[in-house]
Structures are given as C-alpha cells and as structure tokens.
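Colleague: pasted the sequence and its predicted model underneath.
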Amino acid sequence: KNEVEQSPQNLTAQEGEFITINCSYSVGISALHWLQQHPGGGIVSLFMLSSGKKKHGRLIATINIQEKHSSLHITASHPRDSAVYICAVPGNQFYFGTGTSLTVIP
Amino acid sequence: DAGITQSPRHKVTETGTPVTLRCHQTENHRYMYWYRQDPGHGLRLIHYSYGVKDTDKGEVSDGYSVSRSKTEDFLLTLESATSSQTSVYFCAIGHNNYGYTFGSGTRLTVV
C-alpha cells in the first residue's frame, strides 16, 4: 500500500512546454512537500503547502485537500528543469512518492 | 548551505564487511533520519533519532544499526554488508510538520 502515488513516472518534454506532475495521497496531512533531485545530486525542497497555490519562478504547486491531490506545474520548461520531482507527505513518518523523472529536450 | 554533510560520498565494500556512514549537522536539530533510495521505491526510512541516545526503527531497519552520541552526529552502521544494501543513502534533519533538509547522499556499492 502506497500512501503517496505520483504520475507520470517518466516524462519527456520539449523545451518551452507546460508540464504537470500529479500527486495523490491517502493519509490525512497538515502539509504536502514537493522536492527536486538532479541527477547524481542531493534533494532540495521546492514547496511546502497546506492549501491553495504557491508560486516560485516558473514553478507552481497546487493542492486540493478534500480530493487529496496536488499538482506541480512548470511553465516554459527548460533543460535545466530536468530532474526527479518527489512528492512527500508527513504522517507517523514522512511518506515519499517514487518520483517523476522529467527530461526536457532542447 | 543547510549545514548537513554526509561522509563518505562514495564507497565500495565487500560482502560481509562492516560499514559506517556518517551524518554531521551544524543546525542543532533534534531530529535526524537515515533513508535509502532505490529505483522503483520512494525514499524509505531506515532509522531515525529524536535526541542524543534516542533512536527508533523505520520501515527497513533490518541489517542496520545507528548511534547518536552527540547532537550533531548520527551514524549508520551496516554490521555485515550484503549486496541488497547497495543503495544511495540520505541523511536528513527536520520535522514532519516543517519539512526536511537532506544531505548530499552516500552511494554505497557492496560487491
């Protein structure tokens, strides 16, 4: 049983495309986290949100608490956005999705 | 940066040998965590600590032990490494309510 499900698992896009990554969760939460991991790199936190929408540059994260669903959008995608994006929710511990591997082609 | 470092960054070891990974933080955080990351799996919790000498098991703790004798250091030991423990190991500090800061990871290969 996975408390956090992400889709798609893999995503390839052309530079400039609008990208959406989805996350569904089954546990009750106070906040949801989006993380980014570049190839061979560490993991950094992008967003923590508990309602509505947050925006940071070209990245937008939304959450619908009633539907237990969150989306991460990337506008005007760029090759440097190529990374694994991970959704995580706190419960008794932190539950992580398996990640969405994004490749943006020039 | 966040003040959390892992060592070593890479290690190759032989089956049956003991291995210790170190996580060092300068943030004076109470909570520290060890995760492993494998293809097809999300990050999985091995052990965590909620204070000096206070530790508890995560979901994949078999074959691993930890120690925390100082606030700043959290050690992960593989008593007798097996090939199934080949993985990338991440240390993190933080709290469920506020999010984590991760170390850069240790890539461990058991041959």
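Modeller: Yes, it's here.
Colleague: return the residues of chain B in contact with chain A.
Modeller: B:33, B:40-45, B:48, B:58-59, B:90, B:96-105 (CB under 8 Å from any CB of the partner chain). C-beta here means a position set from N, CA and C on the backbone, and glycine is covered the same way.
Colleague: cutoff 10 Å now
Modeller: Counting by CB under 10 Å from any CB of the partner chain, the positions of chain B adjacent to chain A are B:1-2, B:4, B:6, B:33, B:35, B:37-45, B:48, B:56, B:58-59, B:88, B:90, B:92, B:94-105, B:107.
Colleague: narrow the residues you listed to those in strands?
Modeller: Mapping these onto strands (DSSP state E) picks out B:4, B:6, B:33, B:35, B:37, B:44-45, B:48, B:56, B:88, B:90, B:92, B:94-95, B:99-102, B:107.
Colleague: what's opposite B:S87 in the beta bridge?
Modeller: B:S87 forms beta bridges with B:L108, as assigned by DSSP bridges.
Colleague: if I read this right, it contacts B:D38, doesn't it?
Modeller: Yes - proximity of B:S87 to B:D38 meets the contact threshold set by CB atoms under 10 Å, at 5.3 Å.
Colleague: and the two? Which one has more around it.
Modeller: B:S87 (21 against 14; other CB atoms under 10 Å in any protein chain shown).
Colleague: let me know the pLDDT of that one.
Modeller: Looking at B:S87, its pLDDT is 97.
Colleague: next one: B:H41
Modeller: Reported pLDDT for B:H41: 86.
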